[in-house]
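> Build me a model from this:
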Amino acid sequence: MSTRRPPFPRALLAAALSLTAAVATAAPAVYEIDPAHTFPSFEADHMGISVWRGKFNRSSGQITLDRQAQTGTVDVVIDTTSIDYGLDAMNEHARNDTLLDTAKFPQATYKGTLADFRDGAPTRVKGELTLHGVTKPVDLTIGRFKCIPHPLNKRELCGADAYGDFQRDAFGIDAGKDYGFDMTVSLRIQVEATRTP
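Down below sits the predicted model:
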């Protein structure tokens with residue numbers, strides 16, 4: 001009596017090999033930041049008597065995410081000339097060479113890696129902020145991270161709210177320090193990004 005096994009179907013073998021190759025070469029998903037729904041914002045001390053708040057109206061960038069590997073990257077480009085305190089005179093002051101010096105440094109960037117995943121979502125960004133021509137480590141905590149199917153284009157839409165602090169004088173922006181201004185700036189990056197096809 002023969003104990004020879006029946007041959008493995010070629011089509012099934014090819015499909016299995018194809019799936020294995022696809023898994024081995026799978027790339028992280030790429031998401032383009034939606035500039036109409038992404039507005040980095042900040043809070044800064046004003047002589048210890050009030051807190052000034054502002055945002056940047058123009059930003060762009062890209063996020064990558066590999067849920068299986070629990071890895072990802074963040075790359076946000078901020079147009080510093082689009083700073084908006086809600087007061088024209090303050091906007092002009094922030095653009096001059098005592099603060100952001102936007103003529104010389106028209107962009108700021110935040111680049112980092114997603115970290116400390118819980119239930120498939122990152123809870124922290126380990127990154128670097130480049131501002132005023134200076135690059136320093138700045139880590140952000142992710143308070144919210146969620147992905148859903150976009151109700152209009154049906155592509156995956158992810159959103160996050162990340163926040164952290166930095167010392168502006170470490171970036172060469174020390175206006176007001178001699179008057180007792182606290183150099184701590186609270187940065188918040190609220191972002192929405194759509195998966196590329």
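> hang on, His93 is in a strand, isn't it?
No - counting by DSSP: H, G, I helix; E, B strand; the rest coil, His93 is not found in a strand; it is helix.
> isn't it right up against Leu99?
Yes - between His93 and Leu99 a contact is recorded at 6.7 Å, counting by CB atoms under 8 Å. Every C-beta, even on glycine, is put in place using the N, C-alpha and C of the backbone.
> Out of those two, name the residue with the larger neighbour count.
Ranked by neighbour count (other CB atoms under 10 Å), His93 and Leu99 place Leu99 first, with 19 against 15.
> So that one versus Ser59, what's the distance?
18 Å (CB to CB, to the nearest Å).
> now do Arg53
Taking CB to CB as the measure, Arg53 falls 17 Å from Ser59.
> Which of those two has more residues huddled nearby?
Counted by other CB under 10 Å, Arg53 and Ser59 do not tie: Ser59 has more neighbours, with 23 against 13.
> Okay, and the beta partners of that one?
Here Ser59 sits in beta bridges with Ile78, going by DSSP bridges.
> who touches it in this structure?
By CB atoms under 8 Å, 6 or more residues apart in numbering, the contact set of Ser59 is 33, 35, 38-40, 76-79, 82.
> residues contacting the residue nearest the centre of the chain?
With distances taken as CA atoms, centre = their mean, the residue of the chain nearest its centroid is Val74 (4.4 Å). Val74 sits next to 61, 63, 110-114, 125, 127 when contact means CB under 8 Å, 6+ apart.
> List the ones among those that fall in strands.
If you go by DSSP state E, the contacts of Val74 have 61, 63, 110-114, 125, 127 in strands.
> quick check, nearest of the residues you listed to Leu140?
Nearest to Leu140 among the ones in strands among the contacts of Val74, counting by CB to CB, is Val125 at 4.3 Å.
> The closest one contacts Ala115, correct?
Yes - Val125 is within contact range of Ala115, at 6.8 Å (criterion: CB under 8 Å).
> Tell me which of those two has more neighbours.
Neighbour count, other CB under 10 Å: between Val125 and Ala115, Val125 has more, with 25 against 16.
> Show me what the more buried one is bridged to.
Residues in beta-bridge contact with Val125 (DSSP bridges): Leu114, Leu140.
> contacting residues around it?
Here Val125 is in contact with 74, 112-115, 139-140, 142, 162 (criterion: CB under 8 Å, 6+ apart).
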